[in-house]
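Participant: Pasting the sequence and the predicted model now:
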Amino acid sequence: SLIFERGPKAADSKMAKFTDYILPSLTNSIGPALGVQALKNISYPAQVLAKSCKMIPVMIVGTILHRKRYSLTEYLCAFFIAGGISIFALFKQSSAVLGKLASPNAPLGYALVFCNLFMDGYTNSFQDDLKARKPDTSAMQFMCWINFWCSVFSGIYQFGFSDIGMSAVDFLT
């Protein structure tokens with residue numbers, strides 16, 4: 001079928017199992033929450049600036065966890081793009097915005113953004129690695145199982161560890 005594959009053939013298949021998506025779905029669920037928390041400690045322009053350098057953590061995670069090899073040209077391009085964006089943003093801004101980039105809670109905010117970028121990098125490099133190992137896995141299966149597990153993790157958090165879920169149910173009823 002399109003989503004499930006069953007039977008003895010499944011173990012030797014070139015299609016990913018639905019359980020293969022658990023860890024990247026967890027990082028895909030936690031990462032954005034860290035980004036929102038970062039906004040409590042740094043300004044939005046600071047977060048956009050940090051997130052515009054996303055390709056660097058993606059490359060680092062891909063290299064360390066998935067043994068992906070990038071060419072020197074790719075590393076240099078990532079460095080120059082991130083550097084150019086940073087220089088443009090820092091020299092283009094007013095002193096008021098620069099003050100917000102270095103707020104009193106900036107170290108915590110930037111640490112949260114770094115964790116968010118690491119988790120995004122893990123999710124992206126995992127998907128690339130899984131697609132290479134399991135080439136028969138379709139884009140629809142990726143979306144289906146990532147969203148399924150993200151919904152499970154979000155539901156567990158909203159109903160098990162906070163009152164957000166019940167507040168939403170109360171609002172809807």
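Facilitator: Okay, I see it. Owing to the predicted nature of the structure, the values given are computational and were not obtained by experimental measurement.
Participant: measure residue 158 to residue 109 for me?
Facilitator: Going from residue 158 to residue 109 by C-beta to C-beta, to the nearest Å gives 24 Å. Every C-beta, even on glycine, is put in place using the N, C-alpha and C of the backbone.
Participant: Those two: who's more crowded?
Facilitator: residue 109 (22 against 16; other C-beta atoms under 10 Å).
Participant: Mean pLDDT per helix and strand in the chain: which one sits at the bottom?
Facilitator: For the chain, the helix or strand with the lowest mean confidence is helix 95-101, at a mean of 56 (criterion: mean pLDDT, DSSP states H and E).
Participant: and the next element down the chain from that one?
Facilitator: Proceeding N to C from helix 95-101, the next assigned helix or strand is helix 106-133, under DSSP states H and E.
Participant: Does that next one pack against any helices or strands, and if so which?
Facilitator: Taking 3 or more C-beta pairs under 8 Å, 6 or more residues apart in numbering; DSSP states H and E as contact, the helices and strands that helix 106-133 lies on are helix 22-38, helix 44-51, helix 55-66, helix 139-156.
Participant: Let me know the distance separating the residue nearest the centre of the chain from residue 48.
Facilitator: When the chain is reduced to its mean C-alpha position, the closest residue under C-alpha atoms, centre = their mean turns out to be residue 120, at 2.0 Å. Distance of residue 120 to residue 48, computed by C-beta to C-beta: 14 Å.
Participant: ok, and the closest non-adjacent residue to residue 164?
Facilitator: Nearest residue to residue 164, sequence neighbours excluded (C-beta to C-beta, 6 or more residues apart in numbering): residue 158, at 4.6 Å.
Participant: Test my guess that that neighbour contacts residue 169.
Facilitator: No. With contact defined as C-beta atoms under 8 Å, residue 158 does not reach residue 169; the gap is 9.7 Å.
Participant: quick one: the residue nearest to residue 60 when sequence neighbours are not counted and residue 50, what's the gap?
Facilitator: Distances taken as C-beta to C-beta, 6+ apart place residue 121 nearest to residue 60, at 6.7 Å, with adjacent residues excluded. In this view, residue 121 and residue 50 are 13 Å apart by C-beta to C-beta.
Participant: Quickly note the distance from residue 79 to residue 114.
Facilitator: 17 Å.
Participant: low-confidence ranges in the chain?
Facilitator: 1-12, 89-104 (pLDDT under 70).
Participant: Go again with 80.
Facilitator: Across the chain, the ranges flagged by pLDDT under 80 are 1-13, 43, 45-46, 66, 85-106.
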